[in-house]
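**Q** Need a 3D model of the sequence below.
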Amino acid sequence: MMKLFGKKEQSKTEKIDEASKSLNKGLSGLMMKAFVGKDDLDKINNSIEGAKMAALAEEGAFGEVAYATVTALQDTGKLVNFDPIVILQLNVIQAGREPYAHQMETLVSKLQIPRVGDVISLGSNPADPTQFIYLGLKQ
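**A** Have a look, this model is predicted:
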């Protein structure tokens, strides 16, 4: 979609990539490294990576590999584009395995924050196949 003066609409992943570049490269990246500190910068970059995975999942880039029932939910107080990052306690059901407990920190849409008892879809993280990516409420 074209906007006024020919600037195209960016997808969420493009916006997240742009934010990551401005955070880690150039003058602003140098300033961040100087003033924030390595540990906090690593936390910020991990949050950005989580947001990118969530955006890719929202766009349908990952297939479902398991589903889970939410047994507990905790707000971290962190936001990405006004969407909260939460800690989910889950009872995971995966083909070929007994149900098991799992905890994950993930970005969720403020319009579809899961509640205790809700069933969610999980995808496999391409960066680490032993970890899951939150795909949203199970349809």
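**Q** show me the contacts for residue 47.
**A** Shown in contact with residue 47 (C-beta atoms under 8 Å, 6 or more residues apart in numbering): 78, 80, 85. For every residue, glycine as well, the C-beta is placed using N, CA and C.
**Q** So it belongs to a helix, correct?
**A** Yes. Judged by DSSP: H, G, I helix; E, B strand; the rest coil, residue 47 forms part of a helix.
**Q** Kindly provide the distance from it to residue 55.
**A** Distance of residue 47 to residue 55, computed by C-beta to C-beta, to the nearest Å: 13 Å.
**Q** before we move on, what about residue 118?
**A** For residue 118 relative to residue 55 (C-beta to C-beta), the value is 21 Å.
**Q** quick one, which of the two is more surrounded?
**A** residue 55 (21 against 15; other C-beta atoms under 10 Å).
**Q** who touches that one in this structure?
**A** For residue 55, the contacting residues are 11, 12, 13, 16, by C-beta under 8 Å, 6+ apart.
**Q** helix or strand for it, which one?
**A** Secondary structure assigned from DSSP states H and E places residue 55 in helix 38-58.
**Q** Just the CA coordinates for that helix, please, in CSV.
**A** The C-alpha coordinates for helix 38-58 follow below in CSV (Å, rounded to 0.1, in the frame of the first residue of the first chain):
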residue,chain,number,x,y,z
LYS,A,38,25.9,-4.4,27.9
ASP,A,39,23.5,-6.4,30.1
ASP,A,40,20.6,-4.0,29.6
LEU,A,41,21.3,-3.7,25.9
ASP,A,42,21.3,-7.5,25.7
LYS,A,43,17.9,-7.5,27.4
ILE,A,44,16.5,-4.9,25.0
ASN,A,45,17.8,-6.9,22.0
ASN,A,46,16.2,-10.1,23.4
SER,A,47,12.9,-8.3,23.7
ILE,A,48,13.2,-7.0,20.2
GLU,A,49,14.0,-10.5,18.9
GLY,A,50,10.9,-11.8,20.8
ALA,A,51,8.8,-9.1,19.2
LYS,A,52,10.1,-10.1,15.8
MET,A,53,9.3,-13.7,16.4
ALA,A,54,5.8,-12.7,17.5
ALA,A,55,5.3,-10.6,14.4
LEU,A,56,6.4,-13.4,12.2
ALA,A,57,4.1,-15.8,13.9
GLU,A,58,1.2,-13.3,13.5
